[in-house]
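> give me coordinates for this.
(chains A, B and C)
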Amino acid sequence: MNRRQIPLLRESLTLVGFVILNITLICAFTFYPLIQGIQLSLYQWDFISPFKIFVGARNYVRMFGDRTFWQIMRNTFVFTFSTVSLTVLCAFGLALLLSLPLRGREWTRGVVFLPTLLSGAAIALVFNYILDDRYGMLTQFLHIFNIKSPSFYTDPFWAMAGIVVTMVWKQAGYGAVILIAGLQGIDHTLYEAAAIDGAGRRARLWYITIPSLAPMLLFVVVTGILGAFQSFDIIKVMTNGGPINATNVLVYNLYERGFVNFEAGPAGVLTVVIFVIMLVLTILQLQVGARNNAV
Amino acid sequence: MDAKLNRRQFLRAMAVVGGSTLIVACGAQATSQPTAEPTAAAPAATEAPAATVAPTVVMEPTKTSVIDVTYWGSFSGGLGEAEKAMVDSFNASQSNVKVNYQFQGNYEETAQKLTAALQAKQTPDISLLSDVWWFKFYVAGALQPVKDLMAAAKVDTTDYVDSLINEGTRKGDIHWTPFARSTPLFYYNKDMFAAAGLPDRGPKTWAELAEWAPKLMKLPIMAQPTPDAAATTPVPTIAPDTKLMAFAHPNSASYVAWLFQGVIWQHGGHYSDPDFTIRIQEENGVRAGKFYQDSVLKDKWAYNAKDIGADFLNGLTATTMASTGGLKGFEKNAKFKVGTAFLPEVDQFGCPTGGAGLAILAGLPAEKQQAAMQYIAYATSPEGTTTWSQATGYMPVRKSAVESDVMKQYFAASPNAKTAVDQLAKTQPQDSARVFIPGGDQIIGKGLERIMIGAEDVATVWADVKMTLEETGAPIKEAMKAIEG
Amino acid sequence: MPSNTRPRISLPQILAYIAMAIVIILVGLPLIWMLFASFKQTDEIYRMPGTFFPEQPTLMNYPAAWNAVPFGRYFANSVITTVVATASKMILALFCAYALVYTKAPKWLKDGAFLLIVAALMVPGQVVIVPNYVTMSMLHWADSYQGIILPNAATAFGTFLLRQYCLGLPYEVVEAAEIDGASHWQRLWLVIMPMAQPALVTVGLFAVVSEWNDFLWPLIITNTNEMRTLPIGLYRLYQTEGLQNWGIIMAGTVFVVAPIVLLFVRSQKFIIEGIAAGAVRG
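Numbering: from 1, shown residues only, chains lettered A, B, ... in the order given. Model (predicted):
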């Protein structure tokens, strides 16, 4: 070993020493189970019976030929898309409003941010009660105008609307805080220059604020997608995926097939589907991020 | 920090005062499934004082160390209290075995936990399993056959109600001992029936209920229960948009497919044959589905309730179908007189059994098996089942208990409980599609949701359901062949 | 008060204040509703039409909820699992991020490790629940603190965030410390940790929030009341009380929500800045 290699080896050992626990835990509890899940997708098994039958691609063929699966894909898309777009819209509006020189805006930022920190299960219970079509707050409010509350329990459209609203209420503040920080980071001379050039309020918003905010917006969109895509507690507590699968999304379905029905094969297929979607999303994010010179 | 501590202390102090409220609150669990947590806030308080421990007569020559038995269950609220009391009294009755009752959530969650535990080979010793789950564990070879254990524990197996013990008997051995067994029961609000000028009995047929429905639905909704007994006169509310309904359907999560099992029989149909041939899509099945659909969407005297128990107790529906296991909860919490009746008929009578039984997990050491059996023998003994039945409304599972003087006196005093037992004689075990196909209950239940909520064509839905049942049922059919030949 | 010297409020400002008020109402109302309901008696909850303010406020729902399920125990479990998992996440992520940025190990080694971290970001936590349960049980750690904590003891997201943050820090400072003879250990604790504090706070905060509120994993891995955490306890309370007793359920919800609200009220500024800084720089 020559003299140059000794520090290199020492550095390598240091690296290994510093990362080993972190990496081991991540491998043990993320990659290893993922591989197991993929393996399960090729079997027919109920998790406990001694009969674990290799069926090859049959689980996939069945899953992709199943009407319910496509309904669940559609639900996942509708839920994620509406949650994220509403979240971003609300967050952007809130950020613009709470960047104005107003008294008490710090305090308001706090109020708006608070729901992000609260337990999804707890929030879901509160909204369950608010949206209860007999005794809830919404019913009472609508009653003043003699309007009957829609049923968030039996109407597929309103059930979906209910969980979307709950998610947006919970997530918007987080996006707002990120965007406010982004707004603060915009170089003020840009606005001044634009004002001199005679750019109106809308032009400034469109040509300066939004482009400067793009990396933050992307961040909010991505975290929003991840959050919506993975939300389980709110759906479990509020709708259990019902009525008639109207709010059954991929992650909930995975729980249902794996932990309620004990169908290891379909659960494995869903694991793969979810993983592939995440992979595509991540690659897209990295590409867009690279183009924007962010992330 | 001081302020926080004081708040906590304050809450503790309040907890003592609040205990009585809780009992009222807890008993309210009265839907067809027992979901939820037993109170475990102060287990010490509920344990029987040492003085009442009966001297142990049993010969136990070795220096006895106490054998711990873990028991997973699904009872909560009032049912959970009753179950806890059963375990406590067992623990107090002898000193060799100590049973630890651990609540796992509703029937589904208990089955989920058990499945997971089996993978991990870390099972409890006894588990409560519902009618739709025990079979799956039997097929997986996870349940201990208990005939020999029962013989050793001197349990008279012939004394169990035949239909109930037979359901858990496979290949000549008992795998699932009846414990909290129930049937659906027709419940009605006697006060409303009187106010509507209807006779004080359940409808003989569903058509009769439909005939009565307009009269019931004309009644004003009464203001909801006031805790103080002084306010006995209900005040009509001014809410113009809420209508009293004649009947409430539960959703799939609350086992609508169990109640519909009776209804499809009443129409002369079946979910399936014992050999897993699916028959739900046949003409009578479609008729039964159409009947449920019309009750909600066309004739509109019934609706899909979020919680049938709450709505019935709160006077939003005049009648409902629910488990006998909900009887005590209803009687305790209703501010009106609760009536019970046999299920209404269509072409004929039809009513399934249901509920849950106890199973010992396979592969335990002999002494654990014996200890577990000791508890099961205790809980399903004529005395045990009598106590349990009176506390909850579940069926007594022993013939000698049904015929005992204690029970007879009880039936005389509690006619509603008698309805349930009388109906038991006319019940039959459920079709294989619901109880033997894993998830079959939910597959049918979700189909019913599509019919009643989604307004989909019944024949189409049943065709889908048939396909799913056949697909899901295929593996268990194979497995059964391998096990039972 | 010298009101005459105050600048006049313009119309847009008034509109902005109105908008702000509406925002506060929309966000605050559900929580107020929860709080008020927790003081209502059952008959008031089920009155139609109902009330917004409790007419005859009662404290009885709180002891009732506290007794219905062992909230004290749940609370302790939540605190223990949250504190341990958060500390572990922060420390491991910091170590890992430091090593990935500042050691002079071969590039392939560093890139390889980093790739693993990035890849882990793509696996949603729910996907791995079933096999993880089996692993935990084989170790006989189902229904134990290890079982609840271990799968959450490391964070790919936090590691990623900290690494990106460290890349943005001036490298010269570390170099200077190295020249002064500081070991990696010293450089990590004395130089990087103070500088990376905003990102660390973000990581810690995400960890606290996700541990405290975690639902699916503790739901599955815990079997007994001795081990259940607050959100699971609340869910059990909901199942116990059904739709019968919103007052009691809302009181239980207050138990779960209140600690986080108090924590937040105490350190609101710190938290918001931490989140923003971490996200913006990362």
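> could you find the closest non-adjacent residue to the residue in chain B positioned nearest to chain C?
Closest approach between chain B and chain C, counting by CB to the nearest CB: residue B:120, at 2.4 Å. (Glycine included, C-beta is placed from N, CA and C.) Distances taken as CB to CB, 6 or more residues apart in numbering or on different chains put residue C:137 closest to residue B:120, at 2.4 Å, once the chain neighbours are dropped.
> element containing that neighbour?
helix C:129-138 (DSSP states H and E).
> quick check: buried residues in that helix?
For helix C:129-138, the neighbour count (16 or more other CB atoms under 10 Å in any protein chain shown) marks C:129, C:130, C:131, C:132, C:133, C:134, C:135, C:136, C:137 as buried.
> so the residue nearest to residue B:120 touches residue B:118, yeah?
No. If you go by CB atoms under 8 Å, residue C:137 and residue B:118 don't touch, sitting 9.5 Å apart.
> show me where chain A has its strands.
When secondary structure is read from DSSP state E, chain A shows strands at A:43-44, A:53-54.
> tell me the pLDDT of residue B:248.
Residue B:248 is assigned a pLDDT of 95 by the prediction.
> chain C - how does it break down into domains?
Using automatic domain parsing, the domain parsing of chain C gives C:3-61, C:63-281.
> wait, which of those is closest to residue B:102?
domain C:63-281 (5.2 Å; CB to CB).
> how far is that closest one from where the chain is centred?
Here domain C:63-281 is found 7 Å from its chain centre; the criterion is CA atoms, centre = their mean, to the nearest Å.
> related to what we said a few turns ago, next one: the residue nearest to residue B:120 from chain A, what distance?
Distance of residue C:137 to chain A, given as CB to the nearest CB, to the nearest Å: 12 Å.
> now residue A:36. Nearest residue, chain neighbours left out?
That would be residue C:131: by CB to CB, 6+ apart, it lies 4.1 Å from residue A:36.
> who's in contact with the one you found?
Applying CB atoms under 8 Å, 6 or more residues apart in numbering or on different chains to residue C:131 gives the contacts A:32, A:33, A:36, A:37.
> and those, which is closest to chain B?
Nearest to chain B, judged by CB to the nearest CB, of these is residue A:36 at 11.5 Å.
> how far away is the closest one from residue B:403?
Taking CB to CB, to the nearest Å as the measure, residue A:36 falls 55 Å from residue B:403.
> wait, doesn't the residue of chain B closest to chain C sit right on residue C:139?
No. With contact defined as CB under 8 Å, residue B:120 does not reach residue C:139; the gap is 9.1 Å.
> so for those two, which residue has more residues nearby?
residue B:120 (18 against 13; other CB atoms under 10 Å in any protein chain shown).
> for that one, give me its contacts.
For residue B:120, the contacting residues are C:133, C:134, C:136, C:137, C:138, C:142, by CB under 8 Å, 6+ apart.
> distance check, the fourth one against residue C:221.
Distance, residue C:137 to residue C:221, using CB to CB: 9 Å.
> could you do the first one as well?
Using CB to CB, one gets 6 Å for the distance from residue C:133 to residue C:221.
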